[in-house]
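Novice: make a model of this:
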Amino acid sequence: MQKQYELSHEDGSSETVSLPTHFEVCPRCHGKGAHDCWEGGMTGDEMAEQGPEFFEDYMSGVYDTRCTECDGKRVVEVVDIEQLSPELRAAYERTERELQDMYAMEAAERRMGC
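Specialist: Residues are numbered from 1 along each chain as shown. Predicted coordinates for the structure are as follows:
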């Protein structure tokens, strides 16, 4: 399988390339295809306040929603970095670092109310 990716290079340029991929179990839902609608955002104290019936419902999956990562498919397509040339691998890893840095900055801005 192949997937189109836009990779950035050290000189600031970018290019769209087709990279080999394979499927892996979804890291978000661990292959269930669903997760709780609070996305793990409820503390034990908050859950205890709701009572035992709520806890039973929660544990049985009543409040589950389709996984936001795999859309319920239980697997995600990921780049097979083992098949990349050293140059493509370096560009792919640089691009992934840049994306993670951007996501971290966006999350920090949201926490600050921006």
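
Novice: quick one: list the elements packing against the helix ranked longest in the chain.
Specialist: Longest among the helix segments of the chain by residue count, using DSSP state H, is helix 86-111. Using 3 or more Cβ pairs under 8 Å, 6 or more residues apart in numbering; DSSP states H and E, the elements in contact with helix 86-111 are strand 2-8, strand 14-25. The way it works is simple: take the backbone N, C-alpha and C, and place the C-beta from them, glycine included.

Novice: mind checking which of those is nearest Arg110?
Specialist: For the helices and strands packed on helix 86-111, the distance to Arg110 is smallest for strand 2-8, at 24.1 Å, taking Cβ to Cβ.

Novice: who does that closest one pair up with?
Specialist: Strands that pair with strand 2-8, judged by DSSP bridges, come out as strand 14-25 (antiparallel).

Novice: taking helix 86-111 as reference, get the angle to the partner strand.
Specialist: 80 degrees (axes from the mean of the first three to the mean of the last three Cα atoms, to 10 degrees).

Novice: tell me the mean pLDDT for the helix or strand just after strand 14-25?
Specialist: Counting by DSSP states H and E, the next helix or strand C-terminal to strand 14-25 is strand 34-36. Averaged over strand 34-36, pLDDT sits at 86.

Novice: buried ones in strand 34-36?
Specialist: Using 16 or more other Cβ atoms under 10 Å as the test for burial, strand 34-36 gives Ala34, His35.
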